[in-house]
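Participant: The amino acid sequence is not available; the structure is as follows:
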């Protein structure tokens, strides 16, 4: 399941990457996702392990926020997208993206 789950998400990310006209940074959460993304030929800037508790989720977000702020201040970040999957049935997921920055677009 994990391989198929990640492969579908990677294909969605590749499609989005092809429509972007600006350089981008790719931050990945999870070693399995990292493997599939590398196999697809996309360059990964950073990889983080998957949080296994609520506290680890909070810690990861706390670590990511300064990085995003640094990327913004270094003029390396004009847009922030999050790629993920949502459950649409007991065994089916659909890839989605959410634009976090710039706000209001």
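Facilitator: Noted; the coordinates are in hand. Keep in mind it's a predicted model, so treat the numbers as computed, not measured. Numbering: from 1, shown residues only.

Participant: Point out where this protein drops to low pLDDT.
Facilitator: 1-5, 21, 104-105 (pLDDT under 70).

Participant: give me that answer again for 80
Facilitator: 1-7, 17-23, 75-78, 103-105 (pLDDT under 80).

Participant: what about the helices in it?
Facilitator: Assigned helices in the chain, in chain order: 2-19, 31-39, 54-73 (criterion: DSSP state H).

Participant: Next, the distance between the ends of stretch 66-86.
Facilitator: The straight-line separation of the ends of stretch 66-86 (CA to CA, to the nearest Å) is 27 Å.

Participant: in it, what's buried?
Facilitator: Buried positions in stretch 66-86, judged by neighbour count with 16 or more other CB atoms under 10 Å: 71, 77, 80, 83. For every residue, glycine as well, the C-beta is placed using N, CA and C.

Participant: repeat for stretch 26-44
Facilitator: In stretch 26-44, counting by 16+ other CB under 10 Å, buried: 28, 29, 30, 33, 34, 36, 37.

Participant: give me every residue that touches the last one.
Facilitator: Residues near residue 37 by CB atoms under 8 Å, 6 or more residues apart in numbering: 10, 13, 26, 28, 44.
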